[in-house]
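**Q** when you get a sec, could you give me coordinates for this:
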Amino acid sequence: MSSPAAVSQAPKKKVSPAQFAREVRAEARKITWTSRKETWITSVMVAIMVLLAAVFFWVVDLGLSFGVGQVLRLANAG
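**A** As a prediction, this is how the structure comes out:
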């Protein structure tokens, strides 16, 4: 059996730093950036979801703390 590491691969072509920079610039031109309004709306939605998650976990924590406290109080009373 041959292992995956034993499979020969084509040697990688050396690229000069200048050629690399040109390729990076060419790829960067293809990027479609979001508008300022879209970024703002998305940021507000993320902030709202983080706030909702924080409130949810705070309520769950309060409930669990209360429940554990009640169980421990019953264990100590008996």
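
**Q** tell me where the model's unsure across this structure.
**A** Low-confidence segments of the chain (pLDDT under 70): 1-8, 10, 78.

**Q** next up, phi/psi of the spatially most central residue of it, please.
**A** When the chain is reduced to its mean C-alpha position, the nearest residue by Cα atoms, centre = their mean turns out to be residue 46, at 12.3 Å. Backbone torsions of residue 46, given as degrees, to the nearest 10, read phi -60, psi -40.

**Q** state the distance from it to residue 25.
**A** 30 Å (Cβ to Cβ, to the nearest Å). (Each C-beta comes from the backbone N, C-alpha and C, glycine too.)

**Q** do residue 58 as well
**A** In this structure, residue 58 and residue 25 are separated by 47 Å, where distance is defined by Cβ to Cβ.

**Q** cool, residue 36 as well?
**A** Distance of residue 36 to residue 25, computed by Cβ to Cβ: 23 Å.

**Q** for the chain, which segments count as helices?
**A** Taking DSSP state H, the helices of the chain run over residues 17-29, 36-77.

**Q** so how far is the longest one off the chain centroid?
**A** From the chain centre to the centre of helix 36-77 is a distance of 19 Å (Cα atoms, centre = their mean, to the nearest Å).
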